[in-house]
Structures are given as C-alpha cells and as structure tokens.
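1. Sharing a sequence plus its predicted fold:
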Amino acid sequence: MIEIKNIGVFTSGGDAPGMNAAIRAVVRTALFNEKKITAIYQGYQGMIEGNFCEMQSRSVSSIIQKGGTILKSARCLEFKTKEGRQTAFENLQKEGIDALVAIGGDGTFTGANLFSLEYGIPVVCIPGTIDNDLNGSDYTLGYDTANNTVIEAIDKIKDTAASHSRLFFVEVMGRDSGCIALNAGVASGAEAILLPEKDTAISELIDMLETAADKNKSSTIVIVAEGDKNGGAYNVEKHVKQKFDYYDTKVSILGHLQRGGSPSSFDRVLATKMGYHAVQELLKGSTRVTIGIRGNKIVTTPLEEALNKSEFKLDEDLVKIAQVMNI
Ligand code: ADP
C-alpha cells in the first residue's frame, strides 16, 4: 500500500446543506493524521483548471452551520471526456495530491469511480444530495434539512389553505426520487402525495379529494414531486380543476429554497461522522467506496453498488402509512 501524503477534497454537482460540515471534518481529520489536505474548488472543473488551495484547521472555522459549499460546485462536461480527465490527473500529480474525497450525488460518484479506475488514484465518496437517492446509506447529507425546510413551508401554506378552504398543490424537489415528497408529506399531514416511483392516475387523486371533501376537511394539501408522471403541480392542478371547477385551487412550487439553509443538527453530525470516516477509510487503503449510515452505523459500500439504481427502494411502509393517515 502506498502511503497517502496529500488528500484532495471537493464538492461537485448539486449543493446540499451539510457539505460544509463534511469539508470541515475531512480537513481536520486529515490534519489530525498529519496529512496535507488540499481543497479543490469547483469540483471536477477545478481539477481541470488547477484551482487548488492547501487547507489549515482555521480554513474551515465557522462553516459547520452554513448551507451551500465553501469549495463551490460546478457541473463539468469536460470531465466526461478522456482528455478532460487526463488534464485533471496531470494537475493532481503536479500538486502532489495522491487521494481524493468527493462529496456529491450520483453524477459525482460516477465520475469519481471512472477516474479512480483509469488512473488508480484512491477515492472515497460522501453522499451529499437532498434527494436521498443513493444506495449504501439510509440518509444522504442535506436530506434531513431539506425535509425540515419543506415542512416549514407547508405549515405556512396550510394556514392560508385553511383560512380560505383552498386546495393547494405543492411541488417539491425530486426528479427521480420521491423521498422528500413522501417524508415531508407524512410530516406535514398532506392529504395526497404524488411520487415519481408510483403511477397515481388523476382519477385516483380525484377520488381521494372527493373523500377528503366529504369529510369536511378545512384545507387540502397535495404534495407533487417534480418527477411525478402527471407532469408537475401545474398540470395536476389543471386536470383537477377540469373536474372540480368550484374548487379554489393554488399551486406553490418550492424550488431552490429546498437546497439552501443552515444544516439541521442531524445533517451536521452525520456530515462530521462521514467526513471523519472518509479520511480514515482512505488511510486504511479503501478506494472506490462511499461512506454511508445504516441503522446508526457508519458503513462503506462499493461505488458500483451505490450507483445501482435498481436496488434503490422507496420506503413502502411509509407509503402505506401515509394512506392510512389520510382517512
Ligand atoms: P450530482 O453529483 O449532484 O449527481 P451531476 O450529475 O451534475 O451532479 O454530476 C456532477 C459532475 O460529475 C458532472 O458535472 C461531471 O463533471 C461529473 N460526471 C457525471 N457523470 C459523469 C460520467 N459519466 N463520467 C465522468 N464524469 C461524470
């Protein structure tokens, strides 16, 4: 095993609350182990451009509570080319970076896996995405914070929905994953939840709404994940309105506010554990794995497995519970 001397850390793809806490933990764990730690700014783009900076313990002071990422993030098409990755590797070599911690989502993991296979550089990943859609971890960084942001928004929407007896369609993030919609839907007491993983016909939704109306509900909230097959909250509203023209309906798209904000206590602690273990795993000789948490234990999973979408399962128990709660 070759001794690691200088670890590069970067964030890539969509930002998520908790990324800064993870960066802080990676930096401090590396320094604790007397390793050099180099920040790579703007993800893979920064690797290609040689955008590096050596970090000290004080470089990460007072960032644990901040959303976003101090290392910036970027979507980098050049890294998808062989030439781009070759330039990135040459820059890492010049800088003396001999191992990487990558923090991001499935795109970041895919790039990291390929790069490590091609150039033999050890890589450990940390799942940072609000979507919670990676295998290998019960929770990804930012998911808990995003859920809290969503339920805070829905609580406010419910106030106005109840005052005016309105039917609200609230669209939340999740193109392929209904985790936020399901979790926040249950936590906010929504009447119906439309998920990308399920085919909910408009007729089925209308039945649910009719049942809710019969039971004298003062407000009705329908959560629509952005990837729901009916085409988003505006489309769902349009179809429902055709059937119930007497309903006072409103649409609220929560959008990017779900990605920002100060990380929750849960995300800060999880990020700190993951950052610590990412460095420990590298120093133990692990590569092409992601750090995760399963049943409150930190675990590692090979990147190929973490990226296997067919193994990703929605919480079916919670889907069932959500239906029971809507009676
Ligand atoms: P996320 O990590 O949040 O899923 P992206 O899908 O945008 O975000 O991926 C982040 C970056 O990872 C991309 O901009 C690109 O530089 C790199 N990447 C994604 N897929 C690949 C791939 N197939 N090969 C090499 N690099 C990739």
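-> Here it is on my side, so go on.
2. residue nearest the centroid of this structure?
-> In the chain, the residue lying closest to the centroid (CA atoms, centre = their mean) is Thr129, at 1.7 Å.
3. Flag every buried residue along the lengthiest helix in the chain.
-> Counting residues, the longest helix in the chain under DSSP state H turns out to be helix 143-164. Neighbour counts over helix 143-164 (16 or more other CB atoms under 10 Å) mark 143-151, 153-154, 157-158, 161 as buried. Backbone N, C-alpha and C define where each C-beta goes, glycine included.
4. ok, so of those residues, who is nearest Met19?
-> Using CB to CB, Thr145 comes nearest to Met19 of the buried residues of helix 143-164, at 10.7 Å.
5. Ignoring the adjacent residues along the chain, who's closest to the closest one?
-> The shortest distance from Thr145 to any non-neighbouring residue, by CB to CB, 6 or more residues apart in numbering, is to Pro17 (3.9 Å).
6. who's in contact with the one you found?
-> Listed by CB atoms under 8 Å, 6 or more residues apart in numbering, the contact partners of Pro17 are 67-68, 130, 141-142, 145-146, 259-264, 267.
7. quick one: which of those is nearest Tyr41?
-> Nearest to Tyr41, judged by CB to CB, of the contacts of Pro17 is Gly68 at 13.2 Å.
8. The nearest residue in space to the closest one that is not next to it in sequence and Leu71, how far apart?
-> Nearest in space to Gly68, with sequence neighbours left out and distances taken as CB to CB, 6+ apart, is Asp15 at 5.1 Å. To Leu71, Asp15 is 10 Å away according to CB to CB, to the nearest Å.
9. can you list the residues of the stretch 51-200 of the chain near the ligand?
-> Within reach of the ligand by CB under 6 Å from any ligand atom, the stretch 51-200 of the chain has these residues: 75-76, 79-80, 104-108, 110-111, 114, 129.
10. from the residues you listed, which ones fall inside strands?
-> Gly104 (DSSP state E).
11. So Ala181 lies in a strand, does it not?
-> No - assignment of Ala181 by DSSP: H, G, I helix; E, B strand; the rest coil gives helix, placing it outside any strand.
12. what sits against the closest residue to the ligand within the stretch 101-250 of the chain?
-> Closest approach between the stretch 101-250 of the chain and the ligand, counting by CB to the nearest ligand atom: Gly107, at 2.0 Å. Contact analysis of Gly107 by CB under 8 Å, 6+ apart lists 12-13, 75.
13. mind redoing it with 7 Å?
-> Gly107 is in contact with Gly13, counting by CB atoms under 7 Å, 6 or more residues apart in numbering.
14. And Met274, by the same measure?
-> Applying CB under 7 Å, 6+ apart to Met274 gives the contacts 22, 126, 141, 291.
15. Can you pull the phi/psi pair for it?
-> phi -70, psi -40 (degrees, to the nearest 10).
16. ok now stretch 292-309, how far from the chain's centre?
-> Offset of stretch 292-309 from its chain centre (CA atoms, centre = their mean, to the nearest Å): 14 Å.
17. circling back to that earlier point, filter the residues of the stretch 51-200 of the chain next to the ligand down to just the buried residues.
-> Buried among these by 16+ other CB under 10 Å: 76, 79, 104-108, 110-111, 114, 129.
18. Could you export those to a markdown table, including columns for pLDDT?
-> Shown next, in a markdown table, are those (pLDDT from 0 to 100):
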| residue | pLDDT |
| --- | --- |
| Cys76 | 96 |
| Phe79 | 98 |
| Gly104 | 97 |
| Gly105 | 95 |
| Asp106 | 94 |
| Gly107 | 96 |
| Thr108 | 97 |
| Thr110 | 98 |
| Gly111 | 98 |
| Leu114 | 98 |
| Thr129 | 96 |
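19. isn't Ile64 right up against Arg268?
-> Yes - counting by CB atoms under 7 Å, Ile64 does reach Arg268; the two are 5.7 Å apart.
20. Can you work out which residues contact both of the two?
-> Counting by CB under 7 Å, 6+ apart, the residues touching both Ile64 and Arg268 are Ala21.
21. Surely Glu197 touches Arg175?
-> No - applying CB under 7 Å as the test, Glu197 and Arg175 come out as separate, 11.6 Å apart.
22. now the contacts of Met274 in CSV, with pLDDT and secondary structure?
-> Listed next are the contacts of Met274 as CSV, based on pLDDT from 0 to 100; DSSP: H, G, I helix; E, B strand; the rest coil:
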residue, pLDDT, secondary structure
Ala22, 98, helix
Ile126, 98, strand
Leu141, 98, strand
Ile291, 98, strand
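23. out of these, who has the most neighbours?
-> Sorting the contacts of Met274 by how many neighbours each has (other CB atoms under 10 Å) puts Ala22 first, at 33 neighbours.
24. Pull the contacting residues for it.
-> 103, 126, 128, 141, 271, 274-275.
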